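Enquirer: Here is a sequence together with a model predicted from it:
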Amino acid sequence: MRSMVAVCALLLSGCASGNYMGIPLAAGKSDPILRELAARAKSGDKQAQLDLGIRFEDGHGVPVDLLRAKALYNAAASDGGGIQWVYVPSPGNGAKARVVSINRQPTQPGLDEAKMRLSNLSNPMVPQQ
């Protein structure tokens, strides 16, 4: 449960600041190829989520961040559409602000490579002596 909360926090971290997984989405703020990949991943593109996860795992164009890699692999491995979490501020009538999910795409099968990479990060092999 705690890891799922961490994953949700990572996914939501870029909503207000115009970034995704720490990658600025505004023109001129980051590498254009990386920015386009992050925008596709944010929109629910499973291949882009996998590719961006690999970049975070290997440190290719971004700092190595295995927590972000796991979050992206989890999204790419899931059997489902592109779920986007959206912050809805309080309407001012005493109702609280909340975060709601929106399914932006039809159901898609999870990617096998993402499932394998997620498994490898979650269960690292112990080196033999």
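Expert: That came through fine.

Enquirer: May I have the residues that are in contact with residue 73?
Expert: 49-50, 53, 114-115, 117-118, 121 (C-beta atoms under 8 Å, 6 or more residues apart in numbering). Yep, even glycine has a C-beta here, placed from its N, CA and C like the rest.

Enquirer: repeat that with 10 Å
Expert: 49-50, 52-54, 56-57, 66, 110-111, 113-122 (C-beta atoms under 10 Å, 6 or more residues apart in numbering).

Enquirer: and the nearest residue to it once chain neighbours are set aside, how many neighbours?
Expert: Nearest residue to residue 73 in three dimensions, chain neighbours excluded: residue 118, at 4.0 Å (C-beta to C-beta, 6 or more residues apart in numbering). Neighbour count of residue 118, defined by other C-beta atoms under 10 Å: 24.

Enquirer: Would you agree residue 118 is in contact with residue 124?
Expert: No: Residue 118 is not in contact with residue 124 according to C-beta atoms under 10 Å; the separation is 11.9 Å.

Enquirer: secondary structure element for the residue nearest to residue 73?
Expert: Using DSSP states H and E, residue 118 falls within helix 112-122.

Enquirer: Please work out the average pLDDT along that helix.
Expert: In this model, helix 112-122 carries a mean pLDDT of 94.

Enquirer: before we move on, what about stretch 72-85?
Expert: If you average the pLDDT over stretch 72-85, you get 81.

Enquirer: Return the distance of that stretch from the chain's centre.
Expert: Averaging C-alpha positions (C-alpha atoms, centre = their mean, to the nearest Å) puts stretch 72-85 8 Å from its chain's average.
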